[in-house]
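**Student:** show me the folded form of this:
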Amino acid sequence: MTTGNPKSYDSVEDRVYREKATLAQMVGIYCAGNRHDARPAEAGPVPAFAADMPEKVQASVARMCPDCRELTEYCFTRIDHCPHMAVKTFCSSCPTHCYSPAMRERVRETMRYAGPRMIFHDPLGALTHMRDTLRAKKAQ
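**Tutor:** Predicted structure coming up:
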């Protein structure tokens, strides 16, 4: 798997890496913006599921409340086991919905909140995500 910022986005590994990084950042924005009570005052240790992510993503995950960290880990697991990763861009455009209905709703709520704010936290990541979204819509 690629570490840092991958140059080529053609491989499935790069796509998985980018999707996980974007998701973790968006959940971090949601968690911080909603002032979840259980958030640690300082960043804790980086959980194993986020160990290969960039430092800013690791820091975001380490500062999440337990509920948001659980959501992120759940999503990472689903992304890792996705049978359609080679042909899809995002889970929202996938023909198979492998998230439980409750988790799907939590992810939707998180994305609605964090999506417009992502440009202020990671402009390059937000623009890349928008580009991938437009490409996926055009391909459909």
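**Student:** quick one: low-confidence parts of this structure?
**Tutor:** Within the chain, the segments meeting pLDDT under 70 span 1-10, 36-44, 88-89, 92-93, 140.
**Student:** again, only this time at 50
**Tutor:** 1-9 (pLDDT under 50).
**Student:** with adjacent residues omitted, what lies nearest to the most centrally placed residue in it?
**Tutor:** Centroid-nearest residue in the chain, with C-alpha atoms, centre = their mean: residue 23, separated by 0.9 Å. Nearest residue to residue 23, sequence neighbours excluded (C-beta to C-beta, 6 or more residues apart in numbering): residue 75, at 5.4 Å. For the C-beta atoms, the positions are set from N, CA and C on the backbone; glycine is no exception.
**Student:** return the distance of the one you found relative to residue 24.
**Tutor:** From residue 75 across to residue 24, the span is 8 Å (C-beta to C-beta, to the nearest Å).
**Student:** before we move on, the earlier item: which ones are touching the residue nearest to the centre of the chain?
**Tutor:** Residue 23 is in contact with 72, 75-76, 79, counting by C-beta atoms under 8 Å, 6 or more residues apart in numbering.
**Student:** element containing it?
**Tutor:** In the assignment (DSSP states H and E), residue 23 maps to helix 12-33.
**Student:** for that helix, buried residues please.
**Tutor:** For helix 12-33, burial by neighbour count (16 or more other C-beta atoms under 10 Å) applies to 15-32.
**Student:** quick check: the residue nearest to the centre of the chain vs residue 118, distance?
**Tutor:** On the measure of C-beta to C-beta, residue 23 and residue 118 end up 11 Å apart.
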